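Asks: kindly return the folded structure for what I paste below:
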Amino acid sequence: MTRTAMLRLLLSGLLCALLAACGRQPSILQQVQEHNELIVITRNGPTTYYEGSNGPTGIEYELVKRFAEYIGVELRIVVPPNFNDIFTLTALGDAHLAAAGLTITEQRKQKVRFGPVYQEITPQLVYRSGSVRPKSLADLKGTLEVIAGSSHEERLQELQQEYPNLSWTANNKEDGEQLLGMVSDQLIDYTIMDSNELSVNRHFYPEVKPAFAISDPEPLAWAFPKGKDNTLLDTAITFFNKIRRNGTLDQLLERYYGHIGKFDYVGTRRYLRDIEQRLPAYRDTFKAAAEEVGMDWRLLAAIGYQESHWNPDAVSPTGVRGIMMLTRSAAKDIGVEDRSDPEQSIQGGTGYLVRMLQNIPERIPEPDRTWLALAAYNVGLGHLEDARNLTQKNKGDSDRWVDVKKNLPLLSQKKWFQQTRYGYARGREPVRYVENIRTYYDILVWVTEQEIAQHKPPKDPLQFGSPAL
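Replies: Reported below is the predicted structural model:
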């Protein structure tokens, strides 16, 4: 029996068991609620669902988790072995929906129904830096591989009429990130990746570049089995309308993509080199400081890199110094005698960040609370509060980083800083500061998890039967 067939059998058995519990035929929504379980098919990836350092994460996971809470049930995540299986299993009704960064296409509409659009992406042809950049599909000279059954393969099939010599390999074993790694390692010449995934992954594979888009922007949506029962689909539509109105959708998009600005090839390469060459000298110190206060050491290390590039002798024109670039007054307040001593600086910077966190209202959920604390670390609590007050004046939510970061730059404009208690500040600086740290943190998490993965046996790709998340 193939893995796909086994997964189908398990899923079908689960749903049949749920239905057998009662003789009547309740609606799909009622079935989900009566049996207290929403079964969702997804795929592993940085823009969908993955196991992070603090548990499951990813924007698709965040959305379906909230949807399950909205209808009052537990969530069960299922990751099939191949991308192709997502639509097959969904169309057959072996799960309640699929949430996997799915592009709406005409071919797919014949198999499933799609919910409301929540994001748009652009599929891009990817090549490696140092090779000739193709300007169109007619310029391809080498091997092109794409995920089997993906919208990218569908698009290439359409484009074959325009480019009759176009050829590619449909890979049903590797995911998008692995294909990107193959381009980076020069094992293949090209692949195709959606713009949101490429933006995230370029920080991990800085040698890859987008050449051109193979289509206009395309919508993403959840997929539902076809049928006359619209209760679950209609509820999903209501859910998305709600999270659009209350700002939750924008907040989630900002959380996963808001810090990804213009890609800095030189800076990323330098950072990856410094992780290998500089960080080992201070890694244990960051870990010890983080353990004392219950933080992720990689966040502290990311702050240290933003501040000094892990240089204990760093000094700014304004006199701040050390790995964590403490001011003389801040060092005195937290008991640091020698700012150039790496251990004292890291301990002091950690203590200063904790102090900032203690001044951020506890009602603010993570990660917004940490992003706000980081902004205060850079610009000061007073200026942060000014920006939060301006956020309220401008009809934003002062507890959400996505809104506050729009108002921080106003602190440098006379019209606005005259309305504040603490006056002028270089408000764009803390925005860049926080976004850079978020990027450094993401890369460091990826590097350290790659290290862990190299020492662990591979997981069963079925991943079926994991506890409700």
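Asks: what residues are up against residue 396?
Replies: Contacts for residue 396 (Cβ atoms under 8 Å, 6 or more residues apart in numbering) come out as 403, 404, 406, 407. Every residue, glycine included, has its C-beta placed from N, CA and C.
Asks: mind running it again at 7 Å?
Replies: Taking Cβ atoms under 7 Å, 6 or more residues apart in numbering as the definition of contact, the neighbours of residue 396 are 403, 406, 407.
Asks: low-confidence ranges in this protein?
Replies: 1-24, 52-54, 261-263, 318, 453-469 (pLDDT under 70).
Asks: neighbours around residue 138, how many?
Replies: 10 (other Cβ atoms under 10 Å).
Asks: how close does residue 366 sit to residue 441?
Replies: 13 Å (Cβ to Cβ, to the nearest Å).
Asks: centroid-nearest residue for the chain?
Replies: Among the residues of the chain, the one closest to the centroid is residue 256, at 3.7 Å (Cα atoms, centre = their mean).
Asks: what packs against the strand or helix carrying that residue?
Replies: Counting by DSSP states H and E, the element that carries residue 256 is helix 248-257. With contacts taken as 3 or more Cβ pairs under 7 Å, 6 or more residues apart in numbering; DSSP states H and E, helix 248-257 sits against helix 59-70, helix 401-407.
Asks: most packed of these?
Replies: Mean neighbour counts were compared across those using mean count of other Cβ atoms under 10 Å; the top stretch is helix 401-407, at a mean of 22.
Asks: and the strands in the chain, which stretches?
Replies: 37-41, 50-52, 55-57, 74-78, 97-98, 112-114, 119-121, 123-128, 145-147, 169-171, 191-194, 208-213, 218-220, 223-225 (DSSP state E).
Asks: tabulate these in TSV, adding columns for distance to residue 242 and mean neighbour count.
Replies: Compiled in TSV, the strands of the chain are given as follows (distance: least, Cβ to Cβ, whole Å; neighbours: other Cβ atoms under 10 Å):
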stretch	distance to residue 242	mean neighbour count
strand 37-41	17	23
strand 50-52	26	15
strand 55-57	22	13
strand 74-78	18	20
strand 97-98	17	26
strand 112-114	19	20
strand 119-121	17	18
strand 123-128	30	23
strand 145-147	32	23
strand 169-171	38	16
strand 191-194	26	26
strand 208-213	32	18
strand 218-220	18	19
strand 223-225	18	23
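Asks: and the nearest residue to residue 412 once chain neighbours are set aside, how many neighbours?
Replies: Closest residue in space to residue 412, ignoring its immediate chain neighbours: residue 427 at 5.0 Å, by Cβ to Cβ, 6 or more residues apart in numbering. When neighbours are defined as other Cβ under 10 Å, residue 427 has 24 of them.
Asks: contact partners for residue 427?
Replies: 387, 408, 409, 410, 411, 412.
Asks: got it, and residue 184?
Replies: Listed by Cβ under 7 Å, 6+ apart, the contact partners of residue 184 are 128, 205, 207, 208.
Asks: how far away is the last one from residue 293?
Replies: Between residue 208 and residue 293 the distance is 37 Å, computed by Cβ to Cβ.
Asks: how far off centre is the longest helix belonging to the chain?
Replies: With DSSP state H applied, the helix covering the greatest number of residues in the chain is identified as helix 428-453. Its chain's C-alpha centre lies 11 Å from the corresponding centre of helix 428-453 when counted by Cα atoms, centre = their mean, to the nearest Å.
Asks: and that helix with helix 248-257, angle?
Replies: An angle of 70 degrees separates the directions of helix 428-453 and helix 248-257 when computed by axes from the mean of the first three to the mean of the last three Cα atoms, to 10 degrees.
Asks: still on that earlier bit, quick check: the residue nearest to the centre of the chain touching residue 59?
Replies: Yes. Using Cβ atoms under 7 Å, residue 256 is in contact with residue 59, at 4.7 Å.
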